[in-house]
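Trainee: here's my sequence, what's the structure:
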Amino acid sequence: MSLKNRLRFAIVTLVTLMVFAQSVVSLRISAEGSFRHAVGRAKSAADQVRNLLLQRVNEQTARVDPPPESLDDRRRIWETILVEDAALPRLLESTVASSMPVVEILVCDEAGRILTGSRSPTSRLTYASLPDFADWNSRPLWDRLFEVMLRRKDYSTVIRLGTEGRTMFTIRVISSSVLLRNEILPQVRGLAILSVLSLLASMLLSVLFSKVLLRAVDRIGERIDRISTGKFAVGPATGARESREFAAVQSKLDILSQQFRGAKEDVVQLRGNIERLLDRLEEAVLLFDSEHRLIVASRPAERLLGRPLAELAGQPLEELLPPSTSVGAAVHRCLRSGEPVRDHLALPEHDGSGAVRLLVNVDLLRSVPGGHFGTLVTLQDPESRRQLRSQLDVSTRLTAISRLTGGIAHEIKNPLNAMALHLEILKSKLTGTSEVESEIDVIRREIARLDRVVKTFLDFTRPVDLKMREVDLVALLAEVARLVNPDAQRSQVQVQLDAGREKAYVRGDSDLLQQAFLNVVVNGIEAMPQGGRLRIGVATEAGEAVVTVADEGVGIAPHLREKIFNLYFTTKQKGSGIGLAMTFRVVQLHNATVDFTSELGKGTCFLLRFPAVEAAQHPAGPVPVTVPASVPGS
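Mentor: Modelled structure (predicted):
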């Protein structure tokens with residue numbers, strides 16, 4: 001049962017109990033009062049009849065001559081008066097009519113014979129004994145109420161008349177339970193109607209009250225539902241009448257939503273980083289959970305297991321690596337013994353060649369002593385390891401050669417400086433000889449050119465201290481566009497920046513990146529001597545930030561495309577051949593790639609791909625930034 005229904009049920013039950021208790025108390029008070037008043041009216045009617053009889057008898061006795069002397073004579077005279085007085089029944093009947101719930105009044109002798117009554121009974125009938133009304137009223141209330149409501153019964157109130165200690169007559173006032181019922185029934189009916197109305201009102205009140213009270217609970221439920229479905233937007237602000245408790249809960253839910261969103265983004269980023277890392281690995285990596293089901297796998301696992309990654313996810317280890325295979329046997333041996341497996345040589349079952357041997361490594365990811373929450377299986381080609389070792393050896397040798405060539409360059413630079421100095425001294429001594437001066441100028445220019453070559457070579461061999469931080473490529477390229485805008489306007493070139501995102505973050509050295517982009521952009525502007533449009537684009541795809549620089553220039557000849565990144569190679573008359581080589585080096589230092597496409601007469605498009613920093617990304621939105629050209633309509 002929901003909280004709302006429980007609250008409604010509680011309100012209806014509470015009101016029902018209160019109405020029932022109030023009805024019982026009211027019925028008790030009303031019934032007690034009615035019964036007490038009925039007994040009092042019967043007693044009052046009996047007293048009234050006694051006084052009436054005494055008055056009538058005394059008047060009639062006073063007329064008797066001679067007056068009775070004995071008690072028996074007096075009793076006989078009184079009895080004769082009661083029987084023969086025709087006015088007495090009418091007087092008794094009028095008394096009955098005014099005394100509810102009295103139905104009859106009888107006057108009897110000491111033997112119980114009826115002498116007169118309100119209904120003019122036949123004389124000398126014997127009175128049938130009835131329960132005393134006062135004694136009946138002393139019984140428990142619910143017994144009396146039950147008897148009045150369900151039975152038809154009469155009760156009597158008796159007053160005795162006599163003299164000298166002797167009872168000569170009795171006045172009997174008869175009360176009926178039917179008249180009592182008719183008197184109480186309207187009160188019971190009113191209480192019943194009041195109870196039903198109270199219950200209906202309680203039901204309506206419970207519905208309204210639950211809606212008002214649980215409105216904040218509904219908002220909290222909606223907010224929790226949004227969090228569970230990944231909608232982390234903060235809900236509407238709490239109303240001014242919202243209770244402090246609910247407002248505090250909603251505030252904490254907002255904080256929890258932000259934390260949950262951050263945790264989810266961290267998980268997504270971590271998973272993306274892991275997947276990118278696995279894609280770049282040459283080894284086949286398989287990660288299983290505590291129930292031995294595959295969680296993630298690297299791309300090479302497709303070839304080794306003979307199935308696409310989409311089908312591998314969630315598959316049990318027993319199916320992917322059965323114990324009957326050499327690889328599966330090594331993995332299951334590790335699971336049984338709890339000891340890791342290192343460089344176990346095995347044959348893959350699904351590789352097409354059948355000749356490739358694998359090195360198997362198995363590690364148990366432990367959370368607590370004696371238990372593990374996952375299994376990491378790594379399958380590596382020994383030949384790939386040998387090639388990697390060979391590449392590392394080559395890299396080490398190249399580093400050594402770089403140190404050696406750097407030293408040689410320094411040794412060359414010092415003599416060149418000395419030669420330039422002595423050449424200037426020689427020129428000053430041979431002043432006036434034009435032929436000698438021209439030859440000296442040729443030697444000086446060649447020495448200066450050789451010095452520039454050595455200096456550039458030193459720059460390329462010198463280690464670079466990268467100042468890595470998060471760099472927004474959109475802002476950086478906008479700055480590059482502003483820097484080249486004056487030269488672009490002089491060349492009638494329109495520079496346009498089209499960003500597929502508001503921000504695209506990478507980790508890198510902003511100064512080196514800016515210089516690399518400047519080199520490519522300046523080359524694009526110089527490739528359009530007749531003007532045109534240079535487009536700079538920024539987009540993200542597959543976890544990479546892609547920068548495109550497209551011009552409408554003359555293009556690059558096919559036989560020159562393999563040389564454009566070579567140091568000192570240039571096709572321009574005043575070019576140094578350093579710009580694109582420097583760009584290539586900066587791109588490599590940032591673990592990125594640079595490529596281009598070109599078509600003669602239509603232009604060239606450079607593509608630079610950088611690993612994107614997903615944690616710093618912001619919601620996407622096209623933001624075109626156009627730098628105006630100096631020529632209208634260009």
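
Trainee: and Leu106, how many neighbours?
Mentor: 23 (other C-beta atoms under 10 Å). Every residue, glycine included, has its C-beta placed from N, CA and C.

Trainee: how much space between the most centrally placed residue in the chain and Ala248?
Mentor: For the chain, Ile227 is the residue whose C-alpha lies nearest the centre (C-alpha atoms, centre = their mean; 2.2 Å). To Ala248, Ile227 is 17 Å away according to C-beta to C-beta, to the nearest Å.

Trainee: re the thing from before, can I assume the residue nearest to the centre of the chain is in contact with Leu253?
Mentor: Yes - contact criterion C-beta atoms under 8 Å: Ile227 and Leu253 qualify, at 7.3 Å.

Trainee: pop the domain breakdown of the protein in here.
Mentor: 3-192, 282-380, 386-461, 469-627 (automatic domain parsing).

Trainee: dump these to CSV, plus distance to Ser198 and mean pLDDT.
Mentor: Output for these, formatted as CSV (distance: least, C-beta to C-beta, whole Å; pLDDT from 0 to 100):
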stretch, distance to Ser198, mean pLDDT
domain 3-192, 4, 81
domain 282-380, 59, 76
domain 386-461, 87, 67
domain 469-627, 57, 81
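
Trainee: winner for burial among these?
Mentor: For the domains of the chain, the largest average neighbour count (mean count of other C-beta atoms under 10 Å) is found in domain 469-627, namely a mean of 18.

Trainee: now the element after the top helix by length along the chain, going C-ward?
Mentor: In the chain, taking DSSP state H as the definition, the longest helix is helix 3-61. Sequence order places helix 71-84 as the next helix or strand after helix 3-61, per DSSP states H and E.

Trainee: quick revisit: can you pull the pLDDT of the residue nearest to the centre of the chain?
Mentor: Note for Ile227: predicted pLDDT of 70.

Trainee: OK, contacts around it?
Mentor: The neighbours of Ile227, taking C-beta atoms under 8 Å, 6 or more residues apart in numbering as the test, are 253, 256-257, 260.

Trainee: and Val377, by the same measure?
Mentor: Shown in contact with Val377 (C-beta under 8 Å, 6+ apart): 285-288, 321, 331, 360-362.

Trainee: now, which of the residues you listed lie within helices?
Mentor: Reading helices off the contacts of Val377 with DSSP H, I get Val331.

Trainee: just give me the closest of the contacts of Val377 to His422.
Mentor: Nearest to His422 among the contacts of Val377: Val285, at 64.0 Å, using C-beta to C-beta.

Trainee: name the nearest residue to the closest one, sequence neighbours excluded.
Mentor: Nearest residue to Val285, sequence neighbours excluded (C-beta to C-beta, 6 or more residues apart in numbering): Ser298, at 4.3 Å.

Trainee: just the CA coordinates for whichever helix or strand Ala545 is part of, please, in PDB.
Mentor: Assigned by DSSP H and E, Ala545 belongs to strand 544-550. Extracted in PDB, the C-alpha atoms of strand 544-550 (Å, rounded to 0.1, in the frame of the first residue of the first chain):
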ATOM      1  CA  GLU A 544      39.000  12.900 -30.600                       C
ATOM      2  CA  ALA A 545      39.100  16.600 -31.300                       C
ATOM      3  CA  VAL A 546      39.500  17.200 -35.100                       C
ATOM      4  CA  VAL A 547      40.900  20.500 -36.400                       C
ATOM      5  CA  THR A 548      40.500  21.100 -40.100                       C
ATOM      6  CA  VAL A 549      42.200  23.900 -42.100                       C
ATOM      7  CA  ALA A 550      41.000  24.100 -45.700                       C
END
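
Trainee: helices and strands around it, which ones?
Mentor: helix 473-490, helix 510-526, strand 532-541, strand 603-611 (3 or more C-beta pairs under 8 Å, 6 or more residues apart in numbering; DSSP states H and E).

Trainee: list the neighbouring strands of the last one plus their orientation.
Mentor: Yep, that's strand 603-611 we're talking about. Under the criterion DSSP bridges, strand 603-611 sits next to strand 544-550 (antiparallel), strand 593-599 (antiparallel) in its sheet.

Trainee: relative to strand 532-541, how tilted is the first one?
Mentor: When you say that, I think you mean strand 544-550. Angle, strand 544-550 to strand 532-541, by axes from the mean of the first three to the mean of the last three C-alpha atoms, to 10 degrees: 170 degrees.

Trainee: chain center to the helix or strand just after strand 544-550, what's the gap?
Mentor: The helix or strand immediately downstream of strand 544-550 is helix 579-589, counting by DSSP H and E. Relative to its chain's centre, helix 579-589 lies at 48 Å (C-alpha atoms, centre = their mean, to the nearest Å).

Trainee: also stretch 528-535?
Mentor: The answer for stretch 528-535 is 53 Å, by C-alpha atoms, centre = their mean.

Trainee: of all the domains of the chain, which one is nearest Asp266?
Mentor: Closest approach to Asp266 among these (C-beta to C-beta): domain 469-627, 7.6 Å.

Trainee: same for the longest helix of the chain, what does it pack against?
Mentor: Using 3+ C-beta pairs under 8 Å, 6+ apart: helix 3-61 touches helix 71-84, helix 87-97, strand 102-109, helix 133-137, helix 141-150, strand 154-163, strand 166-176, helix 177-213.

Trainee: and Leu364, bridged to which residues?
Mentor: Thr375.

Trainee: contacting residues around it?
Mentor: Here Leu364 is in contact with 334-335, 338, 340, 372, 374-376 (C-beta under 8 Å, 6+ apart).

Trainee: as CSV, these with distance to Glu479 would be great.
Mentor: Shown next, in CSV, are the contacts of Leu364 (distance: C-beta to C-beta, whole Å):
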residue, distance to Glu479
Cys334, 55
Leu335, 56
Gly338, 57
Pro340, 51
His372, 51
Gly374, 46
Thr375, 49
Leu376, 44
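
Trainee: gap between Leu204 and His332?
Mentor: For Leu204, the distance to His332 - C-beta to C-beta - is 69 Å.

Trainee: now do Phe169
Mentor: Note on Phe169: its distance to His332, by C-beta to C-beta, is 118 Å.

Trainee: thinking again about what came up before, distance to Arg219 added to the domains of the chain, as JSON lines?
Mentor: Below are the domains of the chain laid out as JSON lines (distance: least, C-beta to C-beta, whole Å):
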{"stretch": "domain 3-192", "distance to Arg219": "13"}
{"stretch": "domain 282-380", "distance to Arg219": "37"}
{"stretch": "domain 386-461", "distance to Arg219": "58"}
{"stretch": "domain 469-627", "distance to Arg219": "26"}
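
Trainee: and of the ones you listed, who's closest to Val268?
Mentor: domain 469-627 (7.4 Å).

Trainee: still on that earlier bit, report the inter-axis angle for the longest helix of the chain versus helix 177-213.
Mentor: Calculated by the same axes, to 10 degrees, helix 3-61 forms an angle of 160 degrees with helix 177-213.

Trainee: hang on, Cys334 in a helix?
Mentor: Yes - according to DSSP: H, G, I helix; E, B strand; the rest coil, Cys334 belongs to a helix.

Trainee: so Lys503 sits in a strand?
Mentor: No - under three-state DSSP, Lys503 sits outside any strand and is assigned coil.

Trainee: phi and psi next, for it.
Mentor: With angles defined as degrees, to the nearest 10, Lys503 sits at phi -140, psi 140.

Trainee: does it touch Asp472 like I think?
Mentor: Yes - under the criterion of C-beta under 8 Å, Lys503 makes contact with Asp472 at 5.1 Å.

Trainee: quick revisit: please identify which of the domains of the chain is closest to Glu265.
Mentor: Across the domains of the chain, Glu265 has its closest neighbour in domain 469-627 (6.9 Å, C-beta to C-beta).

Trainee: lovely, talk soon.
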